[in-house]
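Chemist: heads up, no residue letters with this:
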């Protein structure tokens, strides 16, 4: 009885090896379509495993799926390298053209704008489109202008015909995000000074 079981297992193992060898020969001989780069290839489902440097891309059509071995993953997918197989994984968002991970987009499709790894049809509030790109960047709302400073020239408040006065404004709350699109926070303008200094020259503090 044990001998019969042993022979049966040997027969099953031999059949599996013959099947795998047939797939390999068909792939290497080009008898199956889209088997380029495959280690194992199925006539019904395409590539099953790929060479080490390639990625396995699974196309799904309803309940049917078909495998291809590719050097780079197509738009809407990102590559994940593993110990046994490298796979092309689909970005979660359908509006994402290129992603770093399943939920973090790096480039959006046309008519969408990128902000913090997500794609939007319009930039979110408190953001604006960065010039020359389809990315949204933070904006900031500064507070009111200060009063104009004293009119000075090289530290002097008199003794010259013209000087410069300045005013500033600040962004309230926490420091603004790096790269935020802020309007001017400092302004200067030309001003007329007293040409003569009564009682000697005075300087600003």
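Modeler: Right, received. Where do you want to start? This is a predicted model, so every value here is computed, not measured.

Chemist: got the domain ranges for this structure?
Modeler: Per the record, the chain has its domains at 34-89, 140-173+181-196, by the TED database.

Chemist: just say helix, strand or coil for residue 60.
Modeler: Classification of residue 60 by DSSP: H, G, I helix; E, B strand; the rest coil places it in strand.

Chemist: what do you get for the one 5 residues further on?
Modeler: Classification of residue 65 into helix, strand or coil gives strand, according to three-state DSSP.

Chemist: that one is in contact with residue 45, isn't it?
Modeler: Yes: look at residue 65 against residue 45 with CB atoms under 8 Å: they come within range, at 6.4 Å. Any C-beta I mention is one placed from the backbone N, CA and C, and that applies to glycine too.

Chemist: could you find the closest non-adjacent residue to residue 159?
Modeler: Spatially, and ignoring its direct neighbours in sequence, residue 159 is nearest to residue 197 (5.0 Å; CB to CB, 6 or more residues apart in numbering).

Chemist: report the contact partners of that neighbour.
Modeler: With contacts defined as CB atoms under 8 Å, 6 or more residues apart in numbering, residue 197 is in contact with 156, 158, 159.

Chemist: which of the residues you listed sits closest to residue 61?
Modeler: Nearest to residue 61 out of these is residue 156 (CB to CB; 80.8 Å).

Chemist: tell me the pLDDT of the closest one.
Modeler: In this model, residue 156 is scored at 83, pLDDT.

Chemist: and what of residue 162?
Modeler: Per-residue confidence (pLDDT) for residue 162: 89.

Chemist: in this structure, which segments are predicted with low confidence?
Modeler: 1-34, 172-182, 199-205 (pLDDT under 70).

Chemist: and residue 85, backbone torsions?
Modeler: phi -150, psi 140 (degrees, to the nearest 10).

Chemist: quick check: it vs residue 155, distance?
Modeler: Relative to residue 155, residue 85 is positioned 71 Å away (CB to CB, to the nearest Å).

Chemist: the more surrounded of these two?
Modeler: The neighbour count for residue 85 versus residue 155, taken as other CB atoms under 10 Å, is higher for residue 85 (15 against 9).

Chemist: so that one sits against residue 49, correct?
Modeler: Yes: applying CB under 8 Å, one finds residue 85 in contact with residue 49, separated by 6.3 Å.
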